[in-house]
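# Next input, structure requested:
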Amino acid sequence: MSLTVEVTGPQGPACTLAEGPRWDETGRRLLWVDIDNGLLLAAALDGGRLGPTASRPVAATLGAVAPAADGSILAAAHDRLVLLRPDGSSTRSRALVADGHRFNDGAVDPAGRFLVGTLALGQHTWQEQLLRIEPDGGVTVLDDDLGLSNGLGWSADGTRLYSVDSERHAVFVREYDAVSGATGARRTWIEIDDGFPDGIAVDVEDHVWVAVWGAGEIRRFSPLGELVDIVRVPAPHTSAVGFAGPARDVLVVSTACKGLDAGQLAAFPASGHLFTGHATVSGLPATPWAVGPLPL
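Next up is the predicted model:
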C-alpha cells in the first residue's frame, strides 16, 4: 500500500547541513541541528508547518540532540556531550572523540540511553565508533569499525536496533535488549548503492524510513527490507527524516547544501531547508533521554 507523502517547503532557515529532526514532547516543538555551524534550532508546528525558528550556538559542530522529560537537552557537541538545562546553564562531559573526528547522528534507545556515532573530519577511516552512554555515565562501545556512523532507530517492540554506516552504503540490524543493554551480532539489513543512507526513522507499522543523501529521496522499507514507498524532495542531499507533532504524523525531512557546486545550488535553491508533509502513518513515540551523569 502506498503511503506517498507530498512534502512542502522550503521551511526554516537555510542551513549548511541540517540534520536530526526530533520532536520534543515536553516543549511541544521540533528540534534539529545545523551540524557544521554548531547550531541547535527549534520551532513550533502550526498546521504541519514550522513557525518562527529560534537558534542557539552550542559548539564548533553539533551532531545531534536528545530532549529529556524535564525540559533539558543532551547535545552531541563536536567531541563531547553537553547537558543544556532549561535555566540556560550547561554541563560538559570529558572529550569522548579523538582528534580529527567528531560526533555525528545520535538517538535515544527504548530505555532512555543515548547512542551516538562518529565520523572523520578528514580522510575517512574504518575506525569510527558507535557509543552508548550508560545510566551511570559509563560509555559502551557498540561498534569501532565503521566508515561513517549515521542514523539510528529501533523496531516497534524495541528488540531490534537499526544503524547506518554511510560509507558502506548499509543499514545494519541487530538484536537489542533495552533492559540489560545486551546486543546481538550486527548484520546487513539493506544496501543502497545509488546514494548514501543517512538519517532514519521507524513508524508504528515497523517500517523504516531512510534518507538517501545524493538521491533527494526518503525511502520506506518494510520489516523484510522491501522498498514500499518513496518521498521525493527538491534537494539532492536529504540528510534525515523524523516524525513530529502530538500525533507524530508530520513527516519532517532535513536537507543540506554542503557539497553542492554552484550549478547544483542554482538548480536546487531549497537545499539546506526543511520540508514537511502529513503522513498517513505515525512515527513511533520518541523516548526522552533519561537524565543521568555525563562521562566526566
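# Would you report the backbone torsion angles of residue 236?
phi -70, psi -30 (degrees, to the nearest 10).
# sec struct for the residue of the chain most remote from its centre, please.
Distance from the C-alpha centroid of the chain peaks at residue 263, with 28.0 Å (C-alpha atoms, centre = their mean). Judged by DSSP: H, G, I helix; E, B strand; the rest coil, the three-state class of residue 263 is helix.
# List the residues that contact it.
The contact partners of residue 263, taken as C-beta atoms under 8 Å, 6 or more residues apart in numbering, number zero. Any C-beta I mention is one placed from the backbone N, CA and C, and that applies to glycine too.
# just the one 5 residues further on next, same as before
Contact analysis of residue 268 by C-beta under 8 Å, 6+ apart lists 216, 234, 235, 236, 260.
# all helices of the stretch 51-200 of the chain, in order?
Shown for the stretch 51-200 of the chain, no helices are assigned by DSSP state H, counting those that start in this stretch.
# So which residues of it form strands?
62-67, 73-77, 80-84, 90-92, 101-108, 114-120, 128-133, 139-146, 149-154, 160-165, 170-175, 187-191, 196-202 (DSSP state E, counting those that start in this stretch).
# Reformat these into JSON lines and put distance to residue 27 and mean neighbour count next to each item.
Shown next, in JSON lines, are the strands of the stretch 51-200 of the chain (distance: least, C-beta to C-beta, whole Å; neighbours: other C-beta atoms under 10 Å):
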{"stretch": "strand 62-67", "distance to residue 27": "7", "mean neighbour count": "27"}
{"stretch": "strand 73-77", "distance to residue 27": "9", "mean neighbour count": "27"}
{"stretch": "strand 80-84", "distance to residue 27": "12", "mean neighbour count": "20"}
{"stretch": "strand 90-92", "distance to residue 27": "17", "mean neighbour count": "14"}
{"stretch": "strand 101-108", "distance to residue 27": "15", "mean neighbour count": "26"}
{"stretch": "strand 114-120", "distance to residue 27": "18", "mean neighbour count": "24"}
{"stretch": "strand 128-133", "distance to residue 27": "22", "mean neighbour count": "24"}
{"stretch": "strand 139-146", "distance to residue 27": "27", "mean neighbour count": "16"}
{"stretch": "strand 149-154", "distance to residue 27": "22", "mean neighbour count": "26"}
{"stretch": "strand 160-165", "distance to residue 27": "26", "mean neighbour count": "25"}
{"stretch": "strand 170-175", "distance to residue 27": "30", "mean neighbour count": "19"}
{"stretch": "strand 187-191", "distance to residue 27": "33", "mean neighbour count": "15"}
{"stretch": "strand 196-202", "distance to residue 27": "19", "mean neighbour count": "25"}
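# quick one: low-confidence parts of the stretch 151-296 of the chain?
For the stretch 151-296 of the chain, no stretch has pLDDT under 70.
# ok so, going back, the strands of the stretch 51-200 of the chain: which one's closest to residue 6?
strand 196-202 (17.7 Å; C-beta to C-beta).
# Understood, closing this out.
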